[in-house]
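Novice: below: sequence and its predicted model.
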Number of protein chains: 2
Amino acid sequence: MPEDSGKELTMVTCSAPVNIAVIKYCEYRMILKTTTTVACSRLFQEDRIWLNGKEEDITQPRLQSCLREIRRLARKRRSDGEADVDTAGLSHKVHICSVNNFPTAAGLASSAAGYACLVYTLSRVMGVEGELSVVSRQGSGSACRSMHGGFVQWIMGQQGDGKDSLAQQVEPETHWPELRVLVLVVSAERKPVGSTSGMQTSVETSILLKHRADSVVPARMKEMIEAVHKRDFTAFAELTMKDSNQFHATCLDTYPPIFYLNDVSRCVINLVHRYNRHYRETKVAYTFDAGPNAVIYTLQQNVEEFVQVVKHFFPPETNGGQFLKGLPVAPTTLSEELKQAIGMEPMVKGICYIISTKAGPGPRVVEDPSEHLLGSDGLPKESA
Amino acid sequence: MPEDSGKELTMVTCSAPVNIAVIKYCEYRMILKTTTTVACSRLFQEDRIWLNGKEEDITQPRLQSCLREIRRLARKRRSDGEADVDTAGLSHKVHICSVNNFPTAAGLASSAAGYACLVYTLSRVMGVEGELSVVSRQGSGSACRSMHGGFVQWIMGQQGDGKDSLAQQVEPETHWPELRVLVLVVSAERKPVGSTSGMQTSVETSILLKHRADSVVPARMKEMIEAVHKRDFTAFAELTMKDSNQFHATCLDTYPPIFYLNDVSRCVINLVHRYNRHYRETKVAYTFDAGPNAVIYTLQQNVEEFVQVVKHFFPPETNGGQFLKGLPVAPTTLSEELKQAIGMEPMVKGICYIISTKAGPGPRVVEDPSEHLLGSDGLPKESA
């Protein structure tokens, strides 16, 4: 239920998880997240939005689509005579404030988490219930995946307008607690090609993408779901790596070609293959979305060593303490044998920092009012 | 006819062109070349080979296959009673000396030119005539393409052993004299994966390569031959770029993935697309073989400007005079409009130098005895 501050202001804060596609476009939620507060008040003059501390243009079409769709669903519920609908929010303007706990626009599907959180929070403010995947897709295609926690499958649907495209949970985040995630942040620079336009150009020009979509992805999706059900790390890891590579292959087959991987990304790929080859076992996997940052999957027992490997071959620029963010990882020492087996030249400053995380829940309401990002005046708090 | 130096020593020197695949694996010969001298003498104790000034192991299997096959063909001609066979060479050991006028092993199909030249020179020394594509393929798959000049098509054949795989000339080097080639040498470092093992792993693991070979390449080959026949630069250029990108996409779809392009290669690709977009015309094309060096195709009238563009966006490390090798290119000035339209940050030292060249003839005998790479003692001259 929305918090009603003296009737003037209704405010809800929610968080939604980052998602990473392991078969590109069955999914995987992380505890990296977006937090969004939506307030509505009769005193607000207009709809406004602040992202990561900066006011942004509310009139952009995707935002407008999401707002319009949630308001339409709320009106429908009211006219259907559903109980519990907060009619106030319908005629009032909204203020939206959203922050990420990870760098934006560097290939971490930030817009997916952002739109998932926005739609979820708006739905709580306006009393809309039910399947919201379809609405969140108005904002970002992959946002529907951030509407659930754990392992999620995105079912594309048959309709041309994508209205039957939605996300289903394959397993909750508690299914495979040993599975860990490391995000190797290569560059926080904005990526040169927005991923939507990129994907559209790929659909239009890549012959290989069509073959991949028709003949490769359906079988891989089945294998991936089975690997997740069985917690078969080897199968999960190899499929994840092959599918990441094939996705980036279709980007290269686009005309003009799209590049998301850079020389650091390629070093990370080589490092993972050499590490696995040394152990004659697939202990670590990588995947890359629309950017150079690597998302690494490994099991709990390998996290400490692999983080140390990354530190060794990508020595941090300055303070090693700041190099690791998120869940704590204890330092360890590497055998000379392992270092020699990998045998790469260390690349100073190649990786800015590592975010250590794991599978997390889907969107949820943040109950502590002190975590609202907007103040009682409806404007962002200083820290937001 | 081989030059017979007092009967003790028989020596022949030949050159063979570098080839660049425009549909990966219709071909294109360049005036970049390998020169090889073969001498045979009853005084030689054993077969020996010097490559680019350094003695190499003659026992490697590919070299041995070529030597064995040429000797077998020579014996067959002798036993068939063919005239003109130099029987001396058959029982004598050979000394082989070979040099390239371009950097080795940086993705310029140097082994193709090398084996083409070796097989051609051995055939002249031993009096073997006829189709030598099949023999040169024992050394390097793509060597058969360097057995002809101009534009060449490699016909894969039906037999499992590849013995019916050969190269045919589509058009001679005189067909399209306006077509110019610029090799942008990114790095003379040895490539991390030899291209044969790379291709083998791709055949075994890349799903996209199979689709490309079955469904994409045959149609593109037809289109490319038509573009060359008609001298249609736009069609030639776009097919060349798309096919280069698709080849590298299948390398990335290999498991583990193979990378030949690096960040400099990608900057060159972006530069070409931005240049073409500025003119709203496909004036320049790129292709990359198994390495980071770019091979640029353009018409004569665009060479000066494009070379200046490369100089501007990849400023030479030191002496600009040494930056351009091969056919001379006059300096020019660039409009501010063009520089702004490209709008890339200049990348100092990204490109070591440019080789300016064009289509050249196939293998031929070098008639001037002063160009022999071996001295009258059968050992490499100091300059070789």
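Specialist: On my side now, so go ahead. Residues are numbered from 1 along each chain as shown, chains lettered A, B, ... in the order given.

Novice: sec struct for residue A:225, please.
Specialist: helix (DSSP: H, G, I helix; E, B strand; the rest coil).

Novice: next one: phi and psi at residue A:280?
Specialist: phi 50, psi 40 (degrees, to the nearest 10).

Novice: since we're on it, how many residues are nearby?
Specialist: As a burial measure, residue A:280 scores 7 neighbours (other C-beta atoms under 10 Å in any protein chain shown). Placement of C-beta: from N, CA and C, glycine included.

Novice: looks to me like residue A:184 is in a helix.
Specialist: No - under the criterion used here (three-state DSSP), residue A:184 is strand, not part of a helix.

Novice: residue A:32 against residue A:358, yeah?
Specialist: No - using C-beta atoms under 8 Å, residue A:32 is not in contact with residue A:358; the gap is 10.0 Å.

Novice: so which of these two has more stuff around it?
Specialist: Remark: of residue A:32 and residue A:358, residue A:32 carries more neighbours, 25 against 20, as counted by other C-beta under 10 Å.

Novice: that one should be in a strand, yeah?
Specialist: Yes - judged by three-state DSSP, residue A:32 forms part of a strand.

Novice: got a list of what it touches?
Specialist: A:17-18, A:100-102, A:108, A:113, A:183, A:326, A:355, A:357, A:360 (C-beta atoms under 8 Å, 6 or more residues apart in numbering or on different chains).

Novice: pull the most distant pair out of those.
Specialist: Spatially, the most separated pair among the contacts of residue A:32 is A:113 and A:326, at 15.3 Å (C-beta to C-beta).

Novice: quick one, which of the two is more surrounded?
Specialist: A direct count of neighbours by other C-beta under 10 Å for residue A:113 and residue A:326 places residue A:113 higher, at 33 against 19.

Novice: check the gap between the more buried one and residue A:353 for me.
Specialist: According to C-beta to C-beta, to the nearest Å, residue A:113 and residue A:353 sit 19 Å apart.

Novice: cool, residue A:322 as well?
Specialist: The gap separating residue A:322 from residue A:353 is 7 Å, by C-beta to C-beta.

Novice: likewise residue A:54?
Specialist: As for residue A:54, its distance to residue A:353 is 22 Å (criterion: C-beta to C-beta).

Novice: look up phi and psi at residue A:294.
Specialist: For residue A:294, the backbone dihedrals are phi -90, psi 140 (criterion: degrees, to the nearest 10).

Novice: count the residues that sit near it.
Specialist: 27.

Novice: likewise for residue A:80?
Specialist: 8.

Novice: same thing with residue A:139?
Specialist: Neighbours of residue A:139 using other C-beta under 10 Å come to 25.

Novice: same question, residue A:328
Specialist: Quick note: residue A:328 (other C-beta under 10 Å) scores 7 neighbours.

Novice: confirm it sits in a helix?
Specialist: No - looking at residue A:328 with three-state DSSP, it is coil, so not inside a helix.

Novice: what's the closest non-adjacent residue to it?
Specialist: Leaving aside its sequence neighbours, residue A:328 sits nearest to residue A:356 (C-beta to C-beta, 6 or more residues apart in numbering or on different chains; 7.4 Å).

Novice: check which helix or strand covers that neighbour.
Specialist: strand A:353-358 (DSSP states H and E).

Novice: so residue A:168 makes contact with residue A:153?
Specialist: Yes - counting by C-beta under 8 Å, residue A:168 touches residue A:153, with 5.1 Å between them.

Novice: so for those two, which sits in the more crowded spot?
Specialist: Higher neighbour count among residue A:168 and residue A:153: residue A:153, with 19 against 16, using other C-beta under 10 Å.

Novice: what's the pLDDT at residue A:51?
Specialist: For residue A:51, the pLDDT comes out at 87.

Novice: doesn't residue A:98 make contact with it?
Specialist: Yes - between residue A:51 and residue A:98 there is a contact at 5.3 Å, judged by C-beta under 8 Å.

Novice: more neighbours: the two, which one.
Specialist: The neighbour comparison of residue A:51 against residue A:98 (other C-beta under 10 Å) goes to residue A:98, with 27 against 18.

Novice: isn't the more buried one up against residue A:116?
Specialist: No - at 10.9 Å, residue A:98 does not count as touching residue A:116 under the criterion of C-beta under 8 Å.

Novice: re earlier: and residue A:322 and residue A:353? which has more neighbours close in?
Specialist: Counting neighbours by other C-beta under 10 Å for residue A:322 and for residue A:353 shows that residue A:353 has the greater number, 17 against 11.

Novice: quick check: pLDDT value at that one.
Specialist: Looking at residue A:353, its pLDDT is 86.

Novice: so which elements touch the helix or strand where residue A:153 lies?
Specialist: Per DSSP H and E, residue A:153 falls inside strand A:151-155. Packed against strand A:151-155, as judged by 3 or more C-beta pairs under 8 Å, 6 or more residues apart in numbering or on different chains; DSSP states H and E, are the following elements: strand A:27-41, strand A:166-171, helix A:217-230.

Novice: now with 10 Å, please.
Specialist: strand A:9-21, strand A:27-41, helix A:133-136, strand A:166-171, helix A:217-230 (3 or more C-beta pairs under 10 Å, 6 or more residues apart in numbering or on different chains; DSSP states H and E).

Novice: could you export those as TSV, including mean pLDDT?
Specialist: Shown next, in TSV, are those (pLDDT from 0 to 100):
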stretch	mean pLDDT
strand A:9-21	76
strand A:27-41	77
helix A:133-136	74
strand A:166-171	78
helix A:217-230	90
